[in-house]
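Colleague: Okay, predicted coordinates and the sequence, questions at the end:
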Amino acid sequence: MTVSKTRMGQARYTKFMTRPVPRPSKGYLDIAGAAEALHRPALDIVVTILDGVLERVEACQPRRKFKSLHVHLEDVRRAMSYNPPAGFITVDQASGKLGLPPESIYALSALGDADGKPFFSEHFFSNSGSAQQRMIAVEEVAEFSTRYITLKEYSEMMGVGSRSASMKLTIEGISPIAPREIVLRAIYVRQEVLELVDS
């Protein structure tokens, strides 16, 4: 996420917090409730708020910060049903293709590979009015799938548990491409792992 996007998101967050309402209006749910009702990750809803995709957002009890925000389900449905332009997919779609949670995609977008290039470049396209929707290039998703492998995929390939697979990689000096606590999954360079499998 660029600095300008971060500042814009902070400005929107501040706007909601400085205009609290006594109680949420009819049809509004808190972020956790909306995520459960729509079967979508709560983080995705937070991102649509910061990106300005949602038109109706209310804050109750600002001291609770993001937990105080309430969104209208129809707004969230509209934002999540956006059809990306050719050559791009939504973060949710990229998540499904790679077997990674959306949070991992967001984290990898902020990290660089060995050459300093972000694992995923973020692109923003108009959704409704002036709202913007975050997209990932299909080509980058395909490249990531080719270049990297998750611990889960490797352990299934070897027919062993993830703990044993992780220990084997550690003993062989193969490290994840990023700290697991940041990207939420253990991800490795595929070529390094496959060379170990073939040896």
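Modeller: Noted; the coordinates are in hand.

Colleague: need the longest strand for this structure.
Modeller: Using DSSP state E, we find that the single longest strand of the chain is strand 132-137.

Colleague: Let me see the confidence value for residue 196.
Modeller: Note on residue 196: pLDDT of 85.

Colleague: what number of residues lie near it?
Modeller: 16 (other C-beta atoms under 10 Å). No exception for glycine: its C-beta is placed from N, CA and C like everyone else's.

Colleague: So it belongs to a strand, correct?
Modeller: No. Secondary structure of residue 196 (DSSP: H, G, I helix; E, B strand; the rest coil): helix, not part of a strand.

Colleague: Quick check: it touching residue 171?
Modeller: No. With contact defined as C-beta atoms under 8 Å, residue 196 does not reach residue 171; the gap is 10.0 Å.

Colleague: Show me which residues of stretch 100-113 are buried.
Modeller: For stretch 100-113, a neighbour-count test (16 or more other C-beta atoms under 10 Å) marks 100, 102-109 as buried.

Colleague: sorry, back to before: what lies in contact with the longest strand of the chain?
Modeller: Strand 132-137 has contacts (C-beta atoms under 8 Å, 6 or more residues apart in numbering) with 47, 51-53, 79, 82, 84-85, 87-91, 94, 105, 109, 120-127.

Colleague: again, but for stretch 170-177
Modeller: The contact list for stretch 170-177, computed with C-beta under 8 Å, 6+ apart, reads 113, 119, 148, 151, 169, 183, 186-189, 192-193, 196.

Colleague: From these, pick the one nearest residue 68.
Modeller: Lowest distance from residue 68 to the contacts of stretch 170-177 (C-beta to C-beta) belongs to residue 183, with 28.5 Å.

Colleague: Got the phi and psi for the closest one?
Modeller: Here is the backbone geometry of residue 183 (degrees, to the nearest 10): phi -100, psi 0.

Colleague: And it, how far from residue 117?
Modeller: According to C-beta to C-beta, to the nearest Å, residue 183 stands 16 Å off from residue 117.

Colleague: Tell me where this structure has strands.
Modeller: Under DSSP E, the chain gives strands at 28-30, 57-59, 69-72, 88-90, 123-126, 132-137, 148-150, 187-189.

Colleague: need the least confident one among those strands, by mean pLDDT.
Modeller: Across the strands of the chain, the lowest-scoring stretch is strand 123-126, with a mean of 76.
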